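Undergrad: Here is the input, now give the coordinates:
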Amino acid sequence: MSSKAGDYTPAELASRVNKLHTQVQTTRRENLAGLIDEIDGLAQRISTELNLDQAVLDREKARYKEAFSFFDRINPFNTERQKAHKRNVTPASDEVKQDRALLTRCCELLEWVRNASQPIEWRTNWHGGISGAYNEHTGQVEWRESWHTGIAGVYHPDRQCVEWREQWKHGIAGVFNPVTREIEWRDNWHGGIGGVFNPKTQAVEWRESWHHGVCGIYNPATESVEWKESWKAGVAGAWSPQTKNVQWHEAWHHGVACIYYDGTTYRSSGSYYGDEDDD
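TA: Here you go, the predicted structure:
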């Protein structure tokens, strides 16, 4: 591909965007930050092409207006005017539209990668559950959400896959127990529920609450599980090895989920408050 500005066609730029999109989908989460500069550079390249193509379109529109009067341009029977527009203005306009669509795709991909590259990523879902789970085998985070329904995903290391469960208007949680090598599941009608494996006691601790989101995070500094509840709001937490404390995020009438890096691997948390029948 030529490096001269203005020589990139929308098809060539689309090919580069598609290639990077595929690369992102197959790159382990811990390595995603290495793609930011490349995606950002492509976004700048597309932006430059958009400006160049917009200038071409502006020139063609000006020539078109000079060649045909206002009455010629609105005359539906002026075939010469129609041919000139189709020959000169339409192709330039199409390139600008394609450039804008590609720039939007590239910027959305860049934003997604930047978010996923952060030590903590929060997500919410209005009046519905949401859950993220890191698949240690693929290096990807799997996200799911469900309207008015609690949902939870848990990675099972022996099966090398994320297992999912959901329940209508329930809070739901699952925890892999490394002692039994099984996932423990629990749900709570119209309420939140949270479970955390405590490595000190070698057991799963549970807590639930009516109409509250519930989340627990193991704090290695205190060797205990910290809990937080939120009235009619989802809540998620994350242990930060930099600040040595648990950070919390709540959202009214939302399910809330979090993926965070605890210094060793990516872990997930989150909850849904199990909305009422009239919600």
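
Undergrad: centroid residue for this protein?
TA: W112 (5.4 Å; Cα atoms, centre = their mean).

Undergrad: What helices and strands are in contact with whichever strand or helix holds that residue?
TA: Per DSSP states H and E, W112 falls inside helix 90-116. On a contact count with 3 or more Cβ pairs under 8 Å, 6 or more residues apart in numbering; DSSP states H and E, helix 90-116 meets helix 10-26, helix 36-67. C-beta here means a position set from N, CA and C on the backbone, and glycine is covered the same way.

Undergrad: how about that helix: buried residues?
TA: For helix 90-116, burial by neighbour count (16 or more other Cβ atoms under 10 Å) applies to 92-93, 95-96, 98-99, 102-103, 105-106, 109-110, 113, 116.

Undergrad: Can you tell me which helix or strand of this structure has the lowest average pLDDT?
TA: Here the helix or strand of the chain ranked lowest by mean pLDDT, DSSP states H and E is helix 70-74, holding a mean of 81.

Undergrad: Mind listing residues that contact that helix?
TA: Contact partners of helix 70-74, identified using Cβ atoms under 8 Å, 6 or more residues apart in numbering, comprise 64-65, 78, 81.

Undergrad: Distance check, the residue nearest to the centre of the chain against G132.
TA: The spacing between W112 and G132, counted by Cβ to Cβ, to the nearest Å, is 13 Å.

Undergrad: E184 now?
TA: Taken as Cβ to Cβ, the span from E184 to G132 is 19 Å.

Undergrad: And those two? Which one has more around it.
TA: G132 (23 against 15; other Cβ atoms under 10 Å).

Undergrad: Hmm, R123 is touching H254, no?
TA: No - between R123 and H254 there is no contact under Cβ atoms under 8 Å: 9.5 Å.

Undergrad: List the residues that are in contact with both of those two.
TA: I130.

Undergrad: Which one of the contacts of helix 70-74 is nearest to H21?
TA: Y64 (36.3 Å; Cβ to Cβ).

Undergrad: Counting neighbours, what do you get for the closest one?
TA: Y64, neighbours per other Cβ under 10 Å, totals 16.

Undergrad: low pLDDT regions in this protein?
TA: 1-7, 277-279 (pLDDT under 70).
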